[in-house]
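[1] Using only what follows, build the 3D model:
(chains A and B)
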Amino acid sequence: MQRKYNPSKIEEKWQKLWEREQTFAVDEDGTKKKYYLLEMFPYPSGRIHMGHVRNYTIGDVVARYKKMRGYNVLHPIGWDSFGMPAENAAIQHGIPPAKWTNENIDSMKKQLKRMGFSYDWNRELSTCEPAYYRWEQLFFLWMYEKGLAYKKGGSVNWCPACKTVLANEQVEAGLCWRCGSEVTEQYFDQWFFRITAYVEELLDYCDKLPGWPERVLTMQRNWIGKSHGCELVFPMADSDDVIKVFTTRQDTIFGATFMLIAAEHPLVMKLAAGKSVEQDVRDFVERVKKQDRMMRTSDYYEKEGVFLDAYCLNPVTNKRMPIYAANFVLADYGTGCVMAVPTHDQRDFEFAEKYGLQKIVVIQNPENPLDAATMTEAYVDEGILVNSGRFDGMKNLQALEDIAEYLESIGRGRKTIEYRLRDWGISRQRYWGAPIPMITCEKCGVVPVPEADLPVILPTDVALTGEGESPLARVASFVNVSCPNCGGPARRETDTMDTFVESSWYFARFCSAHHDSKPGLDRQKVDYWLPVDQYIGGIEHAIMHLLYARFYTKMLRDFGVLGVDEPFTNLLTQGMVCKETARCREHGYLFPEEVRNGKCVRCDREVTIGKTEKMSKSLKNVVDPNYIIDEYGADTARMFCLFAAPPERDLEWSDQGVDGSFRFLGRVWRIVMEYLDDIQNVAPFDGREELDGDIKILRKKTHQTIKKVTIDIEERFHFNTAISAVMELVNALYQTRRPEAEDAKFLSVIRETVENVIILLAPIVPHITEELWGMIGGKQRLSEAPWPSFDATVAAEEEITIVVQVNGKVRSRIQVAASESDETIKGLALNDQKIRQFVGDRQVIKEIYVPKKLVNIVVKQ
RNA sequence: GCGAGAGUGGCGGAACUGGAAGACGCACUGGACUUAGGAUCCAGCCCGCGAAAGCGGAUAGGGGUUCAACUCCCCUCUCUCGCACCA
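    Alright, predicted model coming up:
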């Protein structure tokens, strides 16, 4: 055994070689089938974490596998480099965001390179560079032209003390994270993208993405939230105005006894204006604005309202309906107004009870008739219409259509479709984002920056304090411009774009990452590579990022820039990386090195080992990939991430598990060394001679393993079971007893097995396998070698086990030749001695035979 | 709260389409080799009763469908993700 497994030496050697030989650089090649594999690009936070390692390892296995299968594989990487953390670092430590970001990119790039990922680094991009965001600004101008980008009022979290806008994560229990002041709601004019213009197509294609996990599609459908219903018109009792509501329950219209309006709806103050209730209403509205939006709509939350001293009329009964502002109605769904039917909606019921409002039963329970006076909760099931004029006696669900038509006929409503999806607010009152290329002129109003003047470059000399309005608003040289229209004084837009905008089209940019002429995407290249064949990323992006990217793809298609309807053909959503937490009563959460023998190193108190949670800095349960690479090597880190759990499940980190992965690689290394001298110049077994005994079994196992690993990678991405299969093969190799004399046939079978162990592991642990491959005399680079195929005849089992059950319990097993006829198998099972004993003289009721698997005999008890 | 998932030995997981529950690995136990072992190789290892053969139990908990349920249906519990300004 001349050499020891030395991962750091091997890994560095091959990483350099792949880089020098440009192994993973690609161009369009019409002679090969393309495969575009993409992992969600990282935000450059400073260091890669295990979540990245896992995500990128999964992607790398597929990329390398597809390359071995002969595809022209595009596997790019870049940086989602705009975002809040850079701005926070600047506020806290005075480091300019660009400097902070670029330094982070440098160090993370080094870490990624140490993992041996097969990226085409030539296509690296960073979204905070003008070379990237200039095209985003161009698309913005086109969107503005088409009405897909527009301005309207939108609310933000506002800290009155810092005089600044807060992100949701900067609001802690309703208070500003920095100064602790109570956060209020503030309305600004902001930019929105009209994603709702594509809502039907976005929904339709949820049925045309068979390569996506069903649960992601379900979440997207629910997010879009299409519902069929009616827009109904309620005339005001004392004026010619009307209130419009959206409802899916027009069958209950005869039971609508009052009207509810979202507290923050402008109509509320309008109706209360000048009345004695005005001050009460204003107080109520202010209070509701501070209530948590999620809690407000909860079933258990106290339903509150205030009477607006106004009435409207029920459009079918003409009865007066008092109008209330309510906390559980939301302004941005439907029209922000709701007709209340207390007898058949639980929230309305509770509200009516509290404020003593009228209840009329309109859907009768056929089994247990309802009485409005004695009901204790709303009746929400199906039933027969009553108190509903001409519709009495109909089943309520069947009357939906008729009632809608009737309301239309009397001019009091029309059938409509409502969506939960709202337009995408992209304005951020922040510095570190792509500037919105618009100008506001005193005379001409909102004017787009002319295309020729793009990009609008983000200035670098900006003081960041975390207080006051948008930082850009204080940069005079940026803000003050002359109007492109009239030449008069004008102001630049100082909002920047939501960082989800950058990640909505980066996958297209990778196809022609350095294309520097309009529109930043080379149509020919984009057409060759898109759509992304396999997209891989965290499940946390299941809705927003993926929906925005789908929207952008459709829009850019309509601009003639892309030729595909959907960006990602197949999607793999991976689970979180978790680890147990350690906590000391005195010192809180502890790093693993702060725990010795179950005690805190500082105070010697017992440490509580908590449940496993997502790795995060605050829980101190993070594992540094650099440490793992230094200690075990990248191959072990990759191997463990894949072996510990299937990709879609959460992965629980285990230091001992890492040891186990490392030991397996050592085991592979040693068995190859063991046979190295004997198989170096031997050709793999050609299958022409008969085999028997140990080597026959080994060869069968080899071909079965090729089959299993291929299916596990190709069809399921279940790398954990693929690795298990190779472990079994390696175990079989160890079990195979070496004959006394040198035996050419024997060695050729060993050669075949050893070769396949190495090849099958190549996408998973590329460094060690490339090294071993070279040692056994592999001609080409393993990363360029073809994936093996298996011989189905060799892999087939000759003997199979038939399970014999009595009343569903296993009582015996019989071995039969795989070629045996079903009749014979059945007969053998019935006549099996143990079975005959078991059945005894009980009466056989039924015999179930599952071909080649199982016989179940049902007997009378 | 709403929407979407998940729950299997001491631990990570396997069982792909309703047909052998626990592959593979870790931990643990024993053996071999060794100057030594925390290296390596070999073996054992779900729980209960039992010397063994075997019998019974077991896939978060409860119910159901079925000859047969980790797998399908209903209810409950726990955990994870998303909820529109974290990315």
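
[2] So which residues on the stretch 701-850 of chain A come close to RNA strand B?
    A:708, A:711, A:718, A:720-721, A:723-724, A:727-728, A:731, A:734-735, A:801, A:803, A:805, A:807-811, A:813, A:838, A:846, A:848, A:850 (Cβ under 7 Å from any atom of the strand). Quick note: C-beta positions are derived from backbone N, CA and C, even for glycine.

[3] repeat that with 6 Å
    With Cβ under 6 Å from any atom of the strand as the criterion, the stretch 701-850 of chain A meets RNA strand B at residues A:718, A:720-721, A:724, A:727-728, A:731, A:734-735, A:801, A:803, A:807-808, A:810, A:813, A:846, A:848, A:850.

[4] List only those of the residues you listed flagged as buried.
    For these, a burial check counting by 16 or more other Cβ atoms under 10 Å picks out A:718, A:720, A:727.

[5] of these, closest to RNA strand B?
    For those, the minimum distance to RNA strand B (Cβ to the nearest atom of the strand) is 3.7 Å, reached by residue A:727.

[6] what packs against the host helix or strand of the closest one?
    In this assignment (DSSP states H and E), residue A:727 forms part of helix A:719-735. Here helix A:719-735 touches helix A:634-643, helix A:655-679, helix A:693-711, helix A:744-761, going by 3 or more Cβ pairs under 8 Å, 6 or more residues apart in numbering; DSSP states H and E.

[7] The shortest one and RNA strand B in contact?
    Right, the one you point to is helix A:634-643. No: shown here: helix A:634-643 not in contact with RNA strand B (Cβ under 6 Å from any atom of the strand), separated by at least 6.7 Å.

[8] Other residues contacting that helix?
    Where contact means Cβ atoms under 8 Å, 6 or more residues apart in numbering, the residues beyond helix A:634-643 that reach it are A:7, A:11, A:50, A:53-54, A:57-58, A:60-61, A:114-116, A:625, A:628-629, A:651, A:657-658, A:660-662, A:664-665, A:719-720, A:723-724, A:764-768.

[9] I'd like the distance from the helix or strand that it is followed by to the chain centre, please.
    Proceeding N to C from helix A:634-643, the next assigned helix or strand is strand A:651-652, under DSSP H and E. In terms of Cα atoms, centre = their mean, to the nearest Å, the centre of strand A:651-652 is set 17 Å apart from its chain centre.

[10] Mind giving me the packing neighbours of the helix or strand where residue A:507 lies?
    Assessed by DSSP H and E, residue A:507 sits inside helix A:506-509. If you count contacts as 3+ Cβ pairs under 8 Å, 6+ apart, helix A:506-509 packs onto helix A:130-145, helix A:544-558.

[11] repeat that with 10 Å
    With contacts taken as 3 or more Cβ pairs under 10 Å, 6 or more residues apart in numbering; DSSP states H and E, helix A:506-509 sits against strand A:34-39, helix A:130-145, helix A:523-529, strand A:532-538, helix A:544-558.

[12] Looking at these, which is nearest to residue A:587?
    Among the helices and strands packed on helix A:506-509, strand A:532-538 comes nearest to residue A:587, with 31.2 Å by Cβ to Cβ.

[13] In the sheet, which strands lie alongside that closest one, parallel or antiparallel?
    strand A:34-39 (parallel), strand A:568-574 (parallel) (DSSP bridges).

[14] Alongside RNA strand B, which residues does the stretch 351-500 of chain A contribute?
    So the stretch 351-500 of chain A meets RNA strand B at A:420-422, A:425, A:427-429, A:498-499 (Cβ under 6 Å from any atom of the strand).

[15] Of these, which pair is most distant in space?
    The span of these, defined through Cβ to Cβ, is set by A:420 and A:429 at 26.3 Å.

[16] Comparing these two, which shows the higher neighbour count?
    residue A:429 (22 against 14; other Cβ atoms under 10 Å).

[17] And that one, how far from residue A:98?
    To residue A:98, residue A:429 is 19 Å away according to Cβ to Cβ, to the nearest Å.

[18] just residue A:663 next, same as before
    Counting by Cβ to Cβ, the separation of residue A:663 from residue A:98 is 45 Å.

[19] More neighbours: these two, which one.
    More crowded of residue A:663 and residue A:98, by other Cβ under 10 Å: residue A:98, with 16 against 11.

[20] Give me the neighbour count for the residue of chain A found nearest RNA strand B.
    Residue of chain A nearest RNA strand B, by Cβ to the nearest atom of the strand: residue A:660 (2.7 Å). Using other Cβ under 10 Å, residue A:660 has 14 other residues around it.

[21] what does residue A:391 give?
    Neighbour tally, residue A:391, other Cβ under 10 Å: 20.

[22] Tell me who's in contact with it.
    Residue A:391 makes contacts with A:251, A:253-254, A:316, A:362, A:385, A:398-399, A:402-403, A:406, as judged by Cβ atoms under 10 Å, 6 or more residues apart in numbering.

[23] now do 6 Å
    A:385, A:399 (Cβ atoms under 6 Å, 6 or more residues apart in numbering).

[24] Can you report how many residues neighbour the residue nearest to residue A:372 when sequence neighbours are not counted?
    Excluding its sequence neighbours, the residue lying closest to residue A:372 (Cβ to Cβ, 6 or more residues apart in numbering) is residue A:359, at 4.2 Å. The number of residues packed near residue A:359 is 20, by other Cβ under 10 Å.

[25] Could you report the separation of the closest residue to residue A:384 other than its chain neighbours from residue A:248?
    Nearest-residue entry for residue A:384: residue A:364, 4.9 Å, with adjacent residues in sequence omitted and distances by Cβ to Cβ, 6+ apart. Distance check for residue A:364 against residue A:248: by Cβ to Cβ, it reads 20 Å.

[26] Show me the domain layout of chain A.
    With domains defined by automatic domain parsing, chain A comprises A:29-128+A:500-574, A:152-193, A:227-418, A:675-795, A:799-859.

[27] what would those domains look like in a markdown table with mean pLDDT?
    Output for the domains of chain A, formatted as a markdown table (pLDDT from 0 to 100):
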| stretch | mean pLDDT |
| --- | --- |
| domain A:29-128+A:500-574 | 95 |
| domain A:152-193 | 85 |
| domain A:227-418 | 87 |
| domain A:675-795 | 91 |
| domain A:799-859 | 87 |
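
[28] and among these, the most buried is which?
    With neighbours taken as mean count of other Cβ atoms under 10 Å, these reach their highest mean count in domain A:29-128+A:500-574, at a mean of 20.

[29] What is the linear distance spanned by it between its boundary residues?
    31 Å (Cα to Cα, to the nearest Å).

[30] can you check stretch A:236-255 too?
    18 Å.

[31] again with stretch A:645-663
    End-to-end distance (Cα to Cα), stretch A:645-663: 18 Å.

[32] Buried ones in it, by neighbour count?
    Buried, per 16+ other Cβ under 10 Å, within stretch A:645-663: A:645-647, A:651, A:653, A:658, A:661-662.

[33] Looking at the residues you listed, which one is closest to residue A:796?
    Within these, the smallest distance to residue A:796 is 27.1 Å, found for residue A:646 (Cβ to Cβ).

[34] pretty sure that closest one contacts residue A:719?
    No: when contacts are counted by Cβ atoms under 6 Å, residue A:646 is not listed as touching residue A:719 (7.6 Å).

[35] what's next to the strand or helix carrying residue A:99, contact-wise?
    Residue A:99 is part of helix A:97-114 when elements are defined by DSSP H and E. By Cβ under 6 Å, 6+ apart, the surrounding residues in contact with helix A:97-114 are A:44, A:46, A:48, A:79, A:81, A:86-87, A:89-90, A:432, A:629, A:634.

[36] if you set the cut-off to 7 Å instead, what comes out?
    With contact meaning Cβ atoms under 7 Å, 6 or more residues apart in numbering, helix A:97-114 is reached by A:15, A:42, A:44-48, A:77, A:79, A:81, A:86-87, A:89-90, A:126, A:128, A:431-432, A:460, A:625-626, A:629, A:634.

[37] just stretch A:10-17 next, same as before
    Counting by Cβ under 7 Å, 6+ apart, the neighbours of stretch A:10-17 from elsewhere in the structure are A:113, A:116, A:633-635, A:767-768, A:770-771.
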